[in-house]
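Asks: Could you look at this predicted model? Sequence included:
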Amino acid sequence: MRWLLKFAAGALLAVSTAATTSGVPASPRAANRRYVEERNGVHYNVFEHVATRSKLSFVKNSGICETTPGVNQYSGYLTVGENMNMWFWFFEARENPQEAPLVAYLDGGPGAASEYGLFTQIGPCHFVNNETTPSLNPYAFNNYANMLYIDQPIGVGFSYGNETTNSTKAAAPLVWNFLQAFYDNFPEYENRDFGIVSESYGGHYIPEFSRYILNQNAAVVRGDLEGEEIHMVGLAIHNGWFDAEIQEKANIEYMYNNSYRQIINESIHDELLDTYNTTVKPALDLCHTNGTSDNCYAAYTSYLNMIEYPILAAFAERSPNGYYLGDIREPYSRPPSTYVAYLQRPDIQKALGAKVNYTDQGGAIGFYYSGDDARSFVPQLSDVVQAGIKVLIWTGDADYVSNWYGTLDVAHAVEWSGKDMFATKTLEPYTLNGVEKGTFKSLDNFTFMRIYEAGHNLPFYQPEVSLQIFKQFMGTGSVLPT
């Protein structure tokens, strides 16, 4: 959900250093081991994966969240060495799990736990009307796909350890290692279609992770790397943060001229636009051309201080009843946080096999000092589109944080053979059972969608149409009005 939401709550993170990590060389997988381990009264199924020097330990069918009869779930850790323990929670598809695709969900932030998306948007269960225990979500994405939720970087959710990452690039090898261990322990998913879903800072994560997977796949095919080729077919990012240079300028335009309410007047708009052109854009250009942490961190603080703070002040002044940057409407709504107290209950943690207390936000301090927020991931996104992978960029149009003005500009900036034709296509109505829910345009393997009456966490606001879109995208790849 990006730093801006934390800032809006008055909780900008302090900055410190963090260690980077990388992948490990492969070795023969013949020595992989499986056994059952009992710790603190919890029985873990353990799989030691020699190729990545990691250990997968998990609990089967905890009875938490997914209570649909016959639907299996697994929760636990991938342990890399002594200091990095990445949490995952896997749910089988409710229908036809033997043939359904495998889809990984990683939340944004940076440092947002994937349980946020799980419990408030697309998971098997959710909290309704301030209830303290969850109930089944009829619009869960595992209605259609086998869903794998991953908490990364280390330090967020139930993940824990003394070492962590400080950039999107450094996080990619760990996700690859996790998937390799997962496939070897659950070989029935090796040849399935694989997709990745995320939100917000996932506009950084998912293009980089996807390109890394494609490069690793190529190395496996060449015989340069031992591992499982991942059959990646699609990635979908809602309300994504891809490129500060493109999206910071769009932020000014959105707050001046969106379809819900004007937040800044013409005078402030013109002043901010001048500041962007004379100060912020040059700082971002230096980040992109030079690429050092110092230059990218300076660019980050530049747009934070000179663009975001003035917009936030104007937003607060125009919102006497409170505000939420993820939904600029008045009154606004936002996902409930009930799941946090639920996941911090000792009985829930024991049932799941969690070894530490739940942390909703964490593990991303180093991302700020490294200037990761200011870096552009449009080049990585372009590579993925060029590779023929299905890509969906979809955005709720009531969100300021990663608004649809900016994500449409990002879609137009992607470099691929269809760039010019895609830019000239008009947005067409997208309907659910004959009711218009948004607009979209598609060309070949690339789709952009604007969804009406939805904030930053799009599926929370529009769950039924979100499930329809997800099914269509992961199925044929074509989103079609119904």
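Replies: Now that the structure is in, tell me what you want to look at.

Asks: any idea how far residue 177 lies from residue 290?
Replies: Here the criterion is CB to CB, to the nearest Å. By it, residue 177 lies 30 Å from residue 290. Using the backbone N, CA and C atoms, a C-beta is placed for each residue, glycine as well.

Asks: which of those two has more neighbours?
Replies: In terms of neighbours (other CB atoms under 10 Å), residue 177 is the more surrounded of residue 177 and residue 290; the figures are 25 against 11.

Asks: from memory the more buried one sits against residue 78, does it?
Replies: Yes: the pair residue 177 / residue 78 is scored as a contact, 7.3 Å apart, by CB atoms under 8 Å.

Asks: what touches both of those two?
Replies: Each of residue 54 lies in contact with both residue 177 and residue 78 under the rule CB atoms under 8 Å, 6 or more residues apart in numbering.

Asks: quick one, domains of the protein?
Replies: What automatic domain parsing lists as the domains of the chain is 2-244+372-475, 253-334.

Asks: from those, which stretch is densest packed?
Replies: Most buried of these by mean neighbour count (mean count of other CB atoms under 10 Å) is domain 2-244+372-475; its value is a mean of 20.

Asks: that older thread, residue 348: which of the domains of the chain is closest?
Replies: Judged by CB to CB, the one of those that comes nearest to residue 348 is domain 2-244+372-475, at 6.1 Å.

Asks: Turn the domains of the chain into CSV, columns for distance to residue 481.
Replies: Shown next, in CSV, are the domains of the chain (distance: least, CB to CB, whole Å):
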stretch, distance to residue 481
domain 2-244+372-475, 4
domain 253-334, 20
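
Asks: which one of the ones you listed lies closest to residue 343?
Replies: For residue 343, the closest of the domains of the chain is domain 2-244+372-475, at 6.2 Å, according to CB to CB.

Asks: Geometric centre of the protein: which residue is closest?
Replies: What sits nearest the mean C-alpha location of the chain, by CA atoms, centre = their mean, is residue 198, with 2.7 Å.

Asks: what kind of secondary structure is that residue in?
Replies: Three-state call for residue 198 (DSSP: H, G, I helix; E, B strand; the rest coil): strand.

Asks: quick one, helices of the stretch 1-150 of the chain?
Replies: 2-8, 114-117 (DSSP state H, counting those that start in this stretch).

Asks: what packs against the shortest one?
Replies: Helix 114-117 is packed against strand 146-151, helix 338-343, with contacts defined by 3 or more CB pairs under 8 Å, 6 or more residues apart in numbering; DSSP states H and E.

Asks: repeat that for 7 Å
Replies: Judged by 3 or more CB pairs under 7 Å, 6 or more residues apart in numbering; DSSP states H and E, helix 114-117 is in contact with strand 146-151.

Asks: quick one: strands adjacent to the strand it packs on?
Replies: strand 84-91 (antiparallel), strand 102-105 (parallel) (DSSP bridges).

Asks: just how off-centre is the first one within its chain?
Replies: Just to be clear, that refers to strand 84-91. The chain centroid and the centroid of strand 84-91 are separated by 15 Å, computed with CA atoms, centre = their mean, to the nearest Å.

Asks: what's next to the lengthiest helix in the chain, contact-wise?
Replies: Across the chain, the longest stretch assigned as helix under DSSP state H is helix 202-222. With contact meaning CB atoms under 7 Å, 6 or more residues apart in numbering, helix 202-222 is reached by 106, 108, 168-169, 172, 175-176, 196, 198, 225, 227, 229-230, 232, 235, 237, 240-242, 372, 377, 380-381, 383-384, 387, 389, 402.

Asks: where are the low-confidence patches of this structure?
Replies: Across the chain, the ranges flagged by pLDDT under 70 are 1-30, 81-82.

Asks: pretty sure residue 279 contacts residue 302?
Replies: Yes: using CB atoms under 7 Å, residue 279 is in contact with residue 302, at 6.3 Å.

Asks: now do the same end-to-end measure for stretch 334-352.
Replies: End-to-end span of stretch 334-352 (CA to CA, to the nearest Å): 27 Å.

Asks: Name the residues that touch that stretch?
Replies: Outside stretch 334-352, the residues that touch it by CB under 7 Å, 6+ apart are 42, 59, 62-64, 75, 115, 119-120, 127, 130, 132, 134, 324, 326-327, 357-358, 360, 457, 460.

Asks: now, which of those residues lie within strands?
Replies: 42, 59, 75 (DSSP state E).

Asks: Closest to residue 84 out of these?
Replies: Relative to residue 84, the closest of the ones in strands among the contacts of stretch 334-352 is residue 75; by CB to CB it sits at 17.8 Å.

Asks: so what's residue 76 closest to, chain neighbours aside?
Replies: Nearest non-adjacent residue to residue 76, counting by CB to CB, 6 or more residues apart in numbering: residue 58, 2.9 Å away.

Asks: can you pull the contacts of the one you found?
Replies: So residue 58 contacts 44, 45, 74, 75, 76, 353 (CB under 7 Å, 6+ apart).

Asks: Mind doing that once more with 6 Å?
Replies: Neighbouring residues of residue 58 by CB atoms under 6 Å, 6 or more residues apart in numbering: 45, 74, 76.

Asks: Now do the strands in the stretch 151-300 of the chain.
Replies: Secondary structure of the stretch 151-300 of the chain (DSSP state E, counting those that start in this stretch): strands at 194-200, 232-240.

Asks: Show the contacting residues for the residue in the chain sticking out farthest from the centre.
Replies: Distance from the C-alpha centroid of the chain, by CA atoms, centre = their mean, peaks at residue 267 (35.5 Å). By CB under 6 Å, 6+ apart, the contact list for residue 267 is empty.

Asks: could the ones in strands among the contacts of stretch 334-352 go into CSV alongside distance to residue 364?
Replies: Putting the ones in strands among the contacts of stretch 334-352 into CSV (distance: CB to CB, whole Å) gives the following:
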residue, distance to residue 364
42, 28
59, 27
75, 22
